[in-house]
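A.B. asks: sequence plus predicted model, see below.
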Amino acid sequence: MGIFESTTRPMFNLAIAEISLSSWVFAGTATFLLGISKSGLKGLSIFNVTLMALAFGAKPSTGLLMPLLVVGDVFAVIYYNRHTKWTYIYKLLPWMLLGIAVGVFLGKDLPENLFKWIMVALIMISLAIILYWDRRTSKKVPTHWSFASGAGIFAGFATMVGNLAGAFTNLFFLGMRLPKNEFVGTAASLFLITNCIKIPLHIWVWKTISKETLTVNLYLLPAILLGLFIGVKLVKRITEKQYRRFIIIVTAIGAIAILFR
């Protein structure tokens, strides 16, 4: 029996020829922005998830994104590896693994409609965290172990259920006062580890990665490579404030649109 063969029907079984033009546009845009995000312009991950969910559905899109995320992570680790601070990864990773385990158990048999609501809730929570940090005047953050455990568990659950760990890990790294390059490098190594752990779970437990999804990934690969290339060029020229409001508004609209797909 092949690696992707199973008596349980894969969640994604749509032939390439049956994918609509609008779905390709959403998926291509999401993948392009994923490349930009992985190159160092953090904050676009919610947008990627929203667009991919609009293209292929909430739960199927989580598995479809995985190989593309790993491609971006590998690039980011190679580019920013010298800035990685492993001390912070060691603090966060065990709690993220616990959150991933919870997400695997709770998300495996969830109906698609309920999965949509959970994804939308996570998107809105992520947006609220980003807005909170935008408006917050005091930068004092608790350094108690519960801060790492809470951020890690929520990040692990969010990354398994909807590839939405970014806001929670960002909260932790901001609290640790990491400079920009160390922030990006540490996050890149952390996500490469967790995403590699998630791939077997998507193949054998959730069955959201299949031959069909890998074929779609191949078609989308040029988009992420283009995003990575352009992102590197932009990372030193664009500030987060210039695109943050746009991302928040469009992502909120997209999150609501997922419910009506």
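C.D. replies: Cool, got the structure.
A.B. asks: where does this protein dip in pLDDT?
C.D. replies: 1-14, 43, 130, 133-134, 136-143, 239-248, 250-251, 254, 257-261 (pLDDT under 70).
A.B. asks: where along it do the helices fall?
C.D. replies: With DSSP state H, the ranges of helices along the chain come out as 21-38, 45-56, 58-80, 86-107, 112-135, 145-162, 166-175, 180-200, 211-234, 240-259.
A.B. asks: quick one: which of those helices is nearest residue 15?
C.D. replies: helix 211-234 (7.4 Å; C-beta to C-beta). C-beta: built from backbone N, CA, C; applies to glycine.
A.B. asks: packing partners for that closest one?
C.D. replies: If contacts are counted by 3 or more C-beta pairs under 8 Å, 6 or more residues apart in numbering; DSSP states H and E, helix 211-234 sits against helix 21-38, helix 58-80.
A.B. asks: who are the contact partners of the spatially most central residue of the chain?
C.D. replies: In the chain, the C-alpha nearest the mean C-alpha coordinate belongs to residue 163, at 3.5 Å (C-alpha atoms, centre = their mean). Neighbouring residues of residue 163 by C-beta atoms under 8 Å, 6 or more residues apart in numbering: 45, 48-49, 62, 65-66, 69.
A.B. asks: do that again at 6 Å, thanks
C.D. replies: For residue 163, the contacting residues are 49, 62, 65, by C-beta atoms under 6 Å, 6 or more residues apart in numbering.
A.B. asks: out of these, which are buried?
C.D. replies: Neighbour counting with 16 or more other C-beta atoms under 10 Å marks 49, 62, 65 as buried within the contacts of residue 163.
A.B. asks: okay, now residue 45: neighbour count?
C.D. replies: 26 (other C-beta atoms under 10 Å).
A.B. asks: that one and residue 165 touch, don't they?
C.D. replies: No - counting by C-beta atoms under 6 Å, residue 45 does not reach residue 165; the two are 8.1 Å apart.
A.B. asks: related to what we said a few turns ago, quick one: which of the helices and strands packed on helix 211-234 is nearest residue 135?
C.D. replies: Smallest distance to residue 135 across those (C-beta to C-beta): 22.8 Å, for helix 21-38.
A.B. asks: so which bits of the closest one are buried?
C.D. replies: For helix 21-38, the neighbour count (16+ other C-beta under 10 Å) marks 23-24, 26-38 as buried.
A.B. asks: my guess is residue 80 meets residue 183, correct?
C.D. replies: No - in this structure residue 80 lies outside contact range of residue 183 using C-beta under 6 Å: 9.3 Å.
A.B. asks: how near is residue 95 to residue 147?
C.D. replies: Distance of residue 95 to residue 147, given as C-beta to C-beta, to the nearest Å: 10 Å.
A.B. asks: who's more crowded, these two?
C.D. replies: The neighbour count for residue 95 versus residue 147, taken as other C-beta under 10 Å, is higher for residue 95 (20 against 16).
A.B. asks: could you report the neighbour count for the closest residue to the more buried one other than its chain neighbours?
C.D. replies: Computed as C-beta to C-beta, 6 or more residues apart in numbering, the closest residue to residue 95 that is not its neighbour in sequence is residue 152, at 2.6 Å. Neighbour count of residue 152, defined by other C-beta under 10 Å: 25.
A.B. asks: try residue 51
C.D. replies: If you count neighbours by other C-beta under 10 Å, residue 51 ends up with 27.
A.B. asks: what residues are up against the closest residue to it other than its chain neighbours?
C.D. replies: Nearest non-adjacent residue to residue 51, counting by C-beta to C-beta, 6+ apart: residue 30, 3.7 Å away. Residues near residue 30 by C-beta under 6 Å, 6+ apart: 48, 51-52.
A.B. asks: also residue 49?
C.D. replies: 162-164.
A.B. asks: what about the residue nearest to residue 94 when sequence neighbours are not counted, distance to residue 90?
C.D. replies: Excluding the flanking residues, the one nearest residue 94 by C-beta to C-beta, 6+ apart is residue 152, at 7.1 Å. Residue 152 sits 11 Å away from residue 90, taking C-beta to C-beta as the criterion.
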